[in-house]
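**Q** Here's my sequence, what's the structure:
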Amino acid sequence: MADATIPAQNPLFISRADWRDENQYPRPDLLDPSIWSWEFLRRSNEYAQEFDALQSLCADVPATPFPMDSLLHYACDPVPEKRDVNYKIYRERHPRHFVFPIKDYVRREWGINILADPNDRFAEIIDRSRIYDKNNKLAWLFACNTVEALNSPATLLVNEHGLSKATGFTTRDEVVFRMSLTGNLDEQVESMRRQIAAFFEGGNRNGAFVFTEYIDVSSSPTARYSQEHRRPIDDDDASSSRAQGLLASQGSWKWAPVRLKSLHYVLRMADAIASLEQGTFIHQLEDDGVNCEDVLSIVEHSTDSPYISYDDVYEPMSRLLAKYFRRNPLTREARDADAKTILRWLEMADALVSERAYLHVARTNARDPSS
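**A** As a prediction, this is how the structure comes out:
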């Protein structure tokens, strides 16, 4: 995030604890990736704003609204003139449109199955009935860990033909499978494993994730959906529409931004960055006897200048924090908190919160093979 500047009115981070007090954080030896992921997500100011705006609009609704259904619970492009307009009127005014549930928007944007309250610590949102792995207590929250039943037998979202309106909306890294509850479950799961393996180089998940990428023509005013190609094409731009897809590999899907044993310290750095945005960071250090004169100028004035980036601030911050931790040592389990190590923690905090790398932590396999 080298180009991101310290915002004066719209900070990226929200402080959820005092970074100086280790007792306000999960233990350093906690190896539950889902808990750590939630704690980083709830420190995103953008997510907090989304929660405030969408908490009353996120609901279980059909993937495609019925004609008289309100669009209150849908994300729409273009945006309707009135939020509570019904689908019939909206469709007449906007023949070319895209509508999908806000619940799916939340899953696409944040990688979570429900819109959880960011004011709640991990202990407050743990659902004992959903814990299937003691080392992944919030696995149910993250879409990368939990398969969602799109239309369970008890869900009565049916039309006059008796067909369920289960959502077909998928994000870039998702695939929808249809399973029969009364079929051979073992054979169906094995079939699913084989098909998933085909999406990876070498036919297994140790390889890079591969996918076919076509030129996007969906925004063209003359685009239409082709049943033959199973994607949007543009008859007025046949060369782009029918061009052979590019085979691309994404090796970063299994990338881990930081070791689990370091997340306690990285999380504290996220709150330190939030305190810098709030203008309290220097006062916190000086209250604990740290002399900030040598790097005070860049840190103190960072909120006033549109030209100061986060990356410019992390290096002087790391030197100040190294001074603090020399006076207030970390727990015995932590390595020496020198400026270089702290700088790495600050950079990781930035990635985990503002760049949403918490999702890489969430999909870490923490299952105990002996359980």
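
**Q** Output the longest helix belonging to the chain.
**A** Counting residues, the longest helix found in the chain (DSSP state H) is helix 310-327.

**Q** Near residue 127, how many other residues are there?
**A** Residues lying near residue 127 (other Cβ atoms under 10 Å) number 10. For every residue, glycine as well, the C-beta is placed using N, CA and C.

**Q** Please shift the residue numbers so they start at 86 in all later answers.
**A** All set: I'll call the first residue 86, so the last point we hit is now residue 212.

**Q** Could you tell me which residues make contact with the closest residue in space to it that isn't next to it in sequence?
**A** Distances taken as Cβ to Cβ, 6 or more residues apart in numbering put residue 225 closest to residue 212, at 6.8 Å, once the chain neighbours are dropped. Residue 225 makes contact with 198, 212, 215, 231, according to Cβ atoms under 8 Å, 6 or more residues apart in numbering.

**Q** Got a quick ChimeraX command for the buried subset of those residues?
**A** In ChimeraX, this line selects whichever of those come out buried by 16 or more other Cβ atoms under 10 Å:
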select :198,231
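
**Q** Name the nearest of the contacts of residue 225 relative to residue 358.
**A** residue 198 (27.8 Å; Cβ to Cβ).

**Q** returning to what we had before: CA atoms only: put the longest helix of the chain into PDB for me.
**A** In PDB, the C-alpha atoms belonging to helix 395-412 read as follows (Å, rounded to 0.1, in the frame of the first residue of the first chain):
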ATOM      1  CA  TYR A 395       1.500   4.700   5.400                       C
ATOM      2  CA  ASP A 396       4.800   3.100   4.200                       C
ATOM      3  CA  ASP A 397       6.500   6.400   5.000                       C
ATOM      4  CA  VAL A 398       5.200   6.300   8.600                       C
ATOM      5  CA  TYR A 399       5.900   2.700   9.500                       C
ATOM      6  CA  GLU A 400       9.700   3.000   9.600                       C
ATOM      7  CA  PRO A 401       9.700   5.900  12.200                       C
ATOM      8  CA  MET A 402       6.900   4.100  14.000                       C
ATOM      9  CA  SER A 403       9.000   1.000  14.300                       C
ATOM     10  CA  ARG A 404      11.900   2.900  15.900                       C
ATOM     11  CA  LEU A 405       9.600   4.500  18.400                       C
ATOM     12  CA  LEU A 406       8.000   1.100  19.200                       C
ATOM     13  CA  ALA A 407      11.400  -0.500  19.600                       C
ATOM     14  CA  LYS A 408      12.200   2.100  22.200                       C
ATOM     15  CA  TYR A 409       8.900   1.400  24.000                       C
ATOM     16  CA  PHE A 410       9.400  -2.400  24.100                       C
ATOM     17  CA  ARG A 411      12.900  -2.000  25.400                       C
ATOM     18  CA  ARG A 412      11.300  -0.300  28.400                       C
END
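
**Q** same for it, what does it pack against?
**A** helix 348-363, helix 366-372, helix 381-385, helix 424-438 (3 or more Cβ pairs under 8 Å, 6 or more residues apart in numbering; DSSP states H and E).

**Q** okay, these, which one's buried deepest?
**A** helix 348-363 (a mean of 24; mean count of other Cβ atoms under 10 Å).

**Q** Could the C-alpha coordinates of it be exported in CSV?
**A** The C-alpha trace of helix 348-363 is given here as CSV (Å, rounded to 0.1, in the frame of the first residue of the first chain):
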residue,chain,number,x,y,z
LEU,A,348,-0.4,-12.7,15.0
HIS,A,349,-0.7,-11.5,18.6
TYR,A,350,2.0,-8.9,18.0
VAL,A,351,0.8,-8.0,14.5
LEU,A,352,-2.7,-7.4,15.9
ARG,A,353,-1.3,-5.1,18.5
MET,A,354,0.4,-3.2,15.8
ALA,A,355,-2.9,-2.7,14.0
ASP,A,356,-4.3,-0.9,17.1
ALA,A,357,-1.0,1.1,17.2
ILE,A,358,-1.7,2.3,13.6
ALA,A,359,-5.3,3.1,14.6
SER,A,360,-4.0,5.2,17.5
LEU,A,361,-1.7,7.0,15.1
GLU,A,362,-4.7,7.8,12.9
GLN,A,363,-6.6,9.1,15.9
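
**Q** Can you show me the strands along the stretch 236-385 of the chain?
**A** 294-298, 308-311, 316-319, 331-335 (DSSP state E, counting those that start in this stretch).

**Q** In CSV: those strands, plus mean pLDDT and mean neighbour count.
**A** Formatted as CSV, the strands of the stretch 236-385 of the chain follow (pLDDT from 0 to 100; neighbours: other Cβ atoms under 10 Å):
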stretch, mean pLDDT, mean neighbour count
strand 294-298, 77, 13
strand 308-311, 79, 14
strand 316-319, 78, 18
strand 331-335, 71, 12
